[in-house]
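Visitor: can you look at this prediction? I've put the sequence above it.
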Amino acid sequence: MFEDDRDDKIYNLIISNGTDKNGEYRQFIEKVYSKTDFLWKESISSSYSTAGDAFFQKVDRIILLAGLYNDNKDTFHDLIEAAEKYEIPIILVRPYGLEEVPEILEEKAATIVGWNANCIIDSIKDSIDMI
């Protein structure tokens, strides 16, 4: 990486979590941590429906792990509502090992990405132009 290309921004992410039978959250976190030149932190709330303005106004991206959708629909819908209200881009990550994503999520996503670490990071950095 050239010095001029360095991105010193610390991205504040919400990453969908909850019931996770296949360990997709852990796998996603490992992918992001593998990119040592990408700076980020995660914002977590016990209830996204009541988190409020102060919480969401500092969030840069919402990452929805599509493989967790069926077991965590309420949380996903709360995050989608927040993304729309606060104009936060949604990055939709395909279910691990699958290509199809729930249509309701696909409609709301700024971008859809698979499990390649470089593609994930690029989509996070570039999604600001997609809202």
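Guide: Okay, I see it. Numbering: from 1, shown residues only.
Visitor: for this structure, give me the ranges with low pLDDT.
Guide: The chain contains residues with pLDDT under 70 at 1-7, 128-131.
Visitor: report the central residue of it.
Guide: Ile63 (1.0 Å; CA atoms, centre = their mean).
Visitor: so it sits in a strand?
Guide: Yes. Residue assignment for Ile63, taken from DSSP: H, G, I helix; E, B strand; the rest coil, places it within a strand.
Visitor: so it is in contact with Leu13, correct?
Guide: Yes. Counting by CB atoms under 8 Å, Leu13 is a contact partner of Ile63 at 5.7 Å. Just so you know, the C-beta spots here come from the backbone N, C-alpha and C atoms, and that holds for glycine as well.
Visitor: okay, the angle between the longest helix seen in the chain and strand 61-65?
Guide: For the chain, the longest helix by residue count, based on DSSP state H, is helix 73-86. Going by axes from the mean of the first three to the mean of the last three CA atoms, to 10 degrees, helix 73-86 is angled at 160 degrees with respect to strand 61-65.
Visitor: the next helix-or-strand element following helix 73-86 packs against which elements?
Guide: Next in sequence after helix 73-86, counting helices and strands by DSSP states H and E, comes strand 90-93. Packing partners of strand 90-93 (3 or more CB pairs under 8 Å, 6 or more residues apart in numbering; DSSP states H and E): strand 61-65, helix 73-86, helix 103-108, strand 111-113, helix 117-126.
Visitor: one more pass at 7 Å, please.
Guide: strand 61-65, helix 103-108, strand 111-113 (3 or more CB pairs under 7 Å, 6 or more residues apart in numbering; DSSP states H and E).
Visitor: what lies in contact with the last one?
Guide: This points to strand 111-113. 91-94, 101, 106, 119-120, 123, 127, 130 (CB atoms under 7 Å, 6 or more residues apart in numbering).
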